[in-house]
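> need the 3D shape of this:
(one chain, ligands or ions: 3)
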Amino acid sequence: MSASPTTTTMSGVFLPGDSTAVLREYDLPQPGPGQVLLKVGASGICGSDIGYIYRGYKTHKGLDGAPAYHGVIAGHEPAGTVVATGPGVHRVGPGDRVIVYHIVGCGECRNCRSGYFISCSDEERRKSYGWQRDGGHAPYLIAEESTCIPLPQELSFVDGSLIACGFGTAYEGLIRTAVNGSDTLLVAGLGPVGLAAAMIARCFGVRRVIGVERTPGRIDFVRGTGLVDDIVLADDNAVQNILELTGGEGCSVAVDASGSAPGRSVVVDAVAEWGRVSLLGEGGRLETEVSDSLLHKQVTIHASWVTSLQGMQDLTGLLARSGVHPELVVSHRMPLEEADAAYRLAAAGAEGKVVLVPGEFA
Ligand SMILES: NC(=O)c1ccc[n+]([C@@H]2O[C@H](COP(=O)([O-])OP(=O)(O)OC[C@H]3O[C@@H](n4cnc5c(N)ncnc54)[C@H](O)[C@@H]3O)[C@@H](O)[C@H]2O)c1
Ligand SMILES: [Zn+2]
Ligand SMILES: [Zn+2]
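Residues are numbered from 1 along each chain as shown. Ligands and ions are numbered 1, 2, ... in the order given. Alright, predicted model coming up:
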């Protein structure tokens with residue numbers, strides 16, 4: 001089942017921070033205690049890599065005040081097959097298919113013990129794949145066993161790489177709202193995370209999803225996925241149009257995956273009375289009138305960051321049981337050798353998700 005590496009070196013993607021992605025040669029790594037060597041099956045390109053590393057990482061500081069990107073192999077959305085294990089590894093073995101949860105936490109602080117490695121409070125030991133330690137844009141990756149989530153047979157490596165970040169994020173945002181089959185969902189921003197929210201909400205029984213998007217190229221792609229019932233253009237009439245689509249009531253659950261102040265205003269203004277809002281998009285501001293828009297409507301606002309280890313595992317089960325595939329939101333799969341072109345596409349706002357698939361085209 002497992003293909004042991006036959007070479008001693010490999011190419012990996014380094015991001016110099018000048019809007020290019022370059023391939024460098026690296027020694028093939030060996031797993032240490034508690035670690036596994038993974039043959040990467042797929043590794044997604046994330047919007048945060050574009051915004052905070054690809055275009056110029058030196059200005060984006062980490063907790064220690066130094067650049068958050070440490071010049072390592074990029075890619076924090078890997079999925080693949082275990083090919084070798086280091087001492088003390090007992091939960092996974094060669095041949096196992098896994099998703100890599102993208103942050104290694106200390107495992108001991110309050111957040112790590114709750115499974116939220118993303119919020120690990122130990123600044124020294126918290127390390128993100130593709131930022132502070134080598135990531136998935138390479139044929140092989142060293143992963144901590146503690147970050148390996150089993151990937152069910154029903155799901156592909158590309159599915160797994162999407163779950164590692166965007167789908168995990170959307171899942172957490174939705175479970176905070178306790179979304180269910182009686183809800184109508186509004187999603188602002190129909191990029192990979194917004195589409196993930198639409199797909200997962202359907203797994204929870206939601207029958208109607210209304211999306212708001214501002215980019216025409218994206219809208220055509222989204223139509224093709226069939227994940228969104230009504231697509232509203234993000235213009236001055238967006239709230240009015242959503243209210244008309246819902247008989248004047250608005251949507252009972254509304255998610256912002258646009259990361260923009262106007263997108264957030266739409267979800268707040270078009271959410272129904274007693275509605276639940278979930279903020280997923282990073283950056284910028286939330287600007288809203290308070291009394292009529294929030295208090296008098298009895299609105300609850302949630303904000304979440306990625307998900308927990310268990311949340312990610314629960315999500316794999318939900319998707320597998322529902323017979324759906326996150327890779328539906330992928331518009332481009334490209335080999336590692338074309339990483340520069342792949343990053344260019346993602347940075348230019350590709351219609352859907354861009355994923356590097358090492359080896360598939362070799
Ligand atoms: N909370 C988390 O843990 C977490 C994790 C991953 C990503 N994110 C964030 O989620 C957001 C979405 O990620 P993505 O990869 O889908 O990004 P993306 O940039 O591909 O998608 C954002 C979409 O929003 C659209 N948009 C922008 N302004 C809009 C507006 N006013 N109204 C409607 N649509 C608008 C854009 O055209 C784009 O299609 C980003 O901000 C990303 O940083 C958050
Ligand atoms: Zn990501
Ligand atoms: Zn911790």
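> up against ligand 1, what does the stretch 1-150 of the chain have?
Counting by Cβ under 6 Å from any ligand atom, the residues of the stretch 1-150 of the chain lying close to ligand 1 are 47-48. Placement of C-beta: from N, CA and C, glycine included.
> give me the below-cutoff pLDDT ranges for the stretch 1-150 of the chain.
1-3, 57-64 (pLDDT under 70).
> so where do the strands sit in it?
9-14, 22-27, 35-44, 78-85, 97-100, 103-104, 127-128, 140-144, 148-150 (DSSP state E, counting those that start in this stretch).
> of all those strands, which one comes closest to I242?
Minimum separation from I242 across the strands of the stretch 1-150 of the chain (Cβ to Cβ) falls at strand 35-44, 29.9 Å.
> that closest one vs strand 140-144, what angle?
Between strand 35-44 and strand 140-144, the angle comes out at 120 degrees (axes from the mean of the first three to the mean of the last three Cα atoms, to 10 degrees).
> strand partners (parallel or antiparallel) of strand 35-44?
Paired neighbours of strand 35-44 in the sheet (DSSP bridges): strand 78-85 (antiparallel), strand 140-144 (antiparallel), strand 353-356 (antiparallel).
> residues contacting the residue positioned nearest the centre of the chain?
In the chain, the residue lying closest to the centroid (Cα atoms, centre = their mean) is G166, at 1.8 Å. Counting by Cβ atoms under 8 Å, 6 or more residues apart in numbering, G166 touches 44, 46, 77, 192-193, 196, 353.
> mind running it again at 7 Å?
192-193, 196 (Cβ atoms under 7 Å, 6 or more residues apart in numbering).
> just among the residues you listed, which is most surrounded?
Using other Cβ atoms under 10 Å as the neighbour test, those are led by A196, with 31 neighbours.
> list the contacts of it.
166-167, 170, 326, 329.
> so which of the residues you listed belong to helices?
A170 (DSSP state H).
> just checking: which of the contacts of A196 also lie near ligand 3?
For ligand 3, no contacts are drawn from these by Cβ under 5 Å from the ion.
> what's the closest of the contacts of A196 to ligand 2?
Lowest distance from ligand 2 to the contacts of A196 (Cβ to the ion) belongs to G166, with 6.2 Å.
> distance check, the closest one against S293.
Using Cβ to Cβ, to the nearest Å, G166 is found at 28 Å from S293.
> quick one on the thing from earlier: restricted to helices, list the contacts of G166.
Using DSSP H, these in helices are 192-193, 196.
> give me the residue from the stretch 101-250 of the chain nearest ligand 1.
G191 (2.1 Å; Cβ to the nearest ligand atom).
> neighbours around that residue, how many?
24.
> right, and it touches G259 too?
No. Look at G191 against G259 with Cβ atoms under 7 Å: they stay out of range, at 8.8 Å.
> tell me which parts of the stretch 201-350 of the chain are close to ligand 1?
Residues of the stretch 201-350 of the chain lying near ligand 1 (Cβ under 6 Å from any ligand atom): 212-215, 218, 234, 257-260, 262-263, 280-282, 304-306.
> what's the offset of stretch 229-247 from the middle of its chain?
On the basis of Cα atoms, centre = their mean, to the nearest Å, stretch 229-247 is displaced by 26 Å from the centre of the chain it belongs to.
> end to end, how far does that stretch reach?
15 Å (Cα to Cα, to the nearest Å).
> in that stretch, what counts as buried?
231-232, 234, 238-239, 241-243, 245-246 (16 or more other Cβ atoms under 10 Å).
> can you give me the end-to-end distance of stretch 228-244?
17 Å.
> wait, I meant stretch 105-120
5 Å.
> once you drop chain neighbours, what's closest to A347?
In this structure, A347 finds its nearest non-sequential neighbour in I50, 5.0 Å apart by Cβ to Cβ, 6 or more residues apart in numbering.
> who's in contact with the longest helix belonging to the chain?
Counting by DSSP H, the longest helix found in the chain is helix 309-322. For helix 309-322, the surrounding residues in contact (Cβ under 7 Å, 6+ apart) are 99, 101, 115, 117, 149-152, 154-155, 163, 167-168, 171-172, 203, 326.
> please redo it, this time with the cut-off set to 8 Å
99, 101, 115, 117, 146-147, 149-152, 154-155, 159-160, 163-164, 167-168, 171-172, 175, 200, 202-203, 307, 325-326.
> can you map out the helices along the chain?
47-49, 110-113, 157-162, 168-177, 192-203, 216-225, 238-245, 261-270, 309-322, 339-347.
> pick the most buried one from those.
By mean neighbour count, with neighbours taken as mean count of other Cβ atoms under 10 Å, helix 157-162 ranks first of the helices of the chain at a mean of 29.
> any part of that one near ligand 2?
No. Between helix 157-162 and ligand 2, judged by Cβ under 5 Å from the ion, nothing touches; the nearest distance is 9.4 Å.
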